[in-house]
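Chemist: here is my input; please provide its structure:
(chains A and B)
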Amino acid sequence: MNMINKEPERHEIEALLPWHAAGTLSRRDADRVEQALAGDRELSRRYDLVREELAETIHLNETLGAPSARAMEKLFAAIDAEEARSPRRQRSFDFAARISEFLSSFTPRTLAWSATAAAVAILVQAAVITGVVVKDGGSIAPTRLASQETLATGSYLAVRFAPQATAIEVTNFLGAYKASVVEGPKQFGLYTIKLETKMPADEVNKIVRQMQEESKIVSLVAVKQ
Amino acid sequence: MQATSDEVLIGRIANGDRLAMQVLYARHHVRVFRFVVRLVRDETMAEDLISEVFLDVWRQAGRFEGRSAVSTWMLAIARFKALSALRRRPDEELDEETAGAIEDPSDDPETSLEKKDKSGTIRKCLTGLSAEHREIIDLVYYHEKSVEEVAVIVGIPENTVKTRMFYARKKLAELLKAAGIERGWP
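Modeler: Numbers count the residues shown, from 1 in each chain, chains lettered A, B, ... in the order given. Purely as a prediction, here's the structure:
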């Protein structure tokens, strides 16, 4: 058996034994500890002591039982009381959270492939746009063309967002009404937003009234003719 | 089927989703309770505290930045609540007194029987450690927290985490020795 000759190194490895026993070391550190244990009988004996402590700590904690239902009742009563006092949140379709949730369901490998594919797609798109601009001598106005095209379909509203509205609130607001910004900001901070589907006038007016009630997020909403 | 991650649950809670709160509570309340009860040594107080911990989670979910695991964040909140509660309770028994009870060398038959039960003695000595040492031993061995995570929960540098764990184990060995169990370390 080859004991670790350098005392500081041995001390450092020994300090890691509790985490090695619990399986919470990085791969690199775990390998270091494994190598040290393989060549040092005394360290290996001390590791057995650590494992003994770990087993008894788990045993001790498992005998502590669990809280009664009272704790949960108290918690949700407090939440109810708080929400009744100040309903700080409104249920809405949180688009950003849904995207995040959707992405988190993939494995890292799948995400890596998706990211690569997206990067290639962006490069190809950039090349095509550059080609068009160069070919036409830079005469096109992409923003104007895009807005003209989108304005041809769907229901459109003119909106001015409240100064205190955060980006997340605006995103949630748009998600909740299934709307997207197609133009702006223009004069007086006005944006044009498009509702996902074209609706009858009375339906659009109803949505406008609902939006106007969200004064913390929008300061002006009107149907765009 | 993949369970919804804690991070996703926190995102939903930030949006006011009570069901997500129930899922998160069901997933973590026992461990948080055990962590707290080991610190305050009072089940009723621990129950009150975990309600407060999860209420803070409900309130602060929107501010969770994901720099650490959700369970690490919750244990940090729980620790803060437990220590604040202990500061409000001046009659908290001294840890040294608890340790002293274990070092009792009397020939009490119960004590003698206990000495034969090594596992039981180790558990009793684990209970006799100071709050600081109990905490770090539990976080590492029971809550499976890495050096980095313990540093976040306790609010100390990573090297101090290792040193504190070493001294907690050393103290445990001393208590065991006093209780008649010589392990040949340190």
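
Chemist: alpha carbons only for contacts and neighbour counts from here, please
Modeler: OK.

Chemist: and for residue A:203, the neighbour number?
Modeler: For residue A:203, the count of nearby residues is 10 (other CA atoms under 10 Å in any protein chain shown).

Chemist: what does the one 3 residues further on give?
Modeler: For residue A:206, the number of neighbouring residues by other CA under 10 Å comes to 11.

Chemist: just the element for it, please.
Modeler: Assessed by DSSP states H and E, residue A:206 sits inside helix A:201-212.

Chemist: which residues sit against that helix?
Modeler: Applying CA atoms under 8 Å, 6 or more residues apart in numbering or on different chains, the set of residues contacting helix A:201-212 from outside is A:155, A:218-223.

Chemist: what parts of chain A come near chain B?
Modeler: Proximity of chain A to chain B, by CA under 8 Å from any CA of the partner chain, involves residues A:15-16, A:18-19, A:22-25, A:46, A:49, A:53-54, A:56-61, A:64-68, A:70-72, A:74-75, A:78-79, A:89-92, A:94, A:97, A:101.

Chemist: mind running it again at 7 Å?
Modeler: Residues of chain A lying close to chain B (CA under 7 Å from any CA of the partner chain) are A:15, A:19, A:22, A:24-25, A:54, A:56-58, A:60-61, A:64, A:66-67, A:71-72, A:74-75, A:79, A:89, A:91, A:97, A:101.

Chemist: quick check: buried residues in the helix or strand hosting residue B:134?
Modeler: Following DSSP H and E, one finds residue B:134 within helix B:131-137. Burial within helix B:131-137, assessed by neighbour count using 16 or more other CA atoms under 10 Å in any protein chain shown, is assigned to B:131, B:133-137.

Chemist: kindly report the same for stretch A:55-68.
Modeler: Of the residues in stretch A:55-68, those with enough neighbours to count as buried (16+ other CA under 10 Å) are A:55-57, A:60-61, A:64, A:66-67.

Chemist: need the contact list for residue B:76.
Modeler: Each residue near residue B:76 by CA atoms under 7 Å, 6 or more residues apart in numbering or on different chains is listed here: B:153-154.

Chemist: how about 6 Å then?
Modeler: For residue B:76, the set of contacting residues under the criterion of CA atoms under 6 Å, 6 or more residues apart in numbering or on different chains consists of residue B:153.

Chemist: that one - that's part of a helix, no?
Modeler: Yes - the assignment for residue B:76, made by DSSP: H, G, I helix; E, B strand; the rest coil, places it in a helix.

Chemist: shaky segments in chain B?
Modeler: B:1-2, B:90-116 (pLDDT under 70).

Chemist: could you list the domains of it?
Modeler: Listed domain ranges for chain B are B:6-87, B:95-178 (source: automatic domain parsing).

Chemist: chain A too?
Modeler: Following automatic domain parsing, one gets these domains for chain A: A:7-62, A:95-135, A:142-223.
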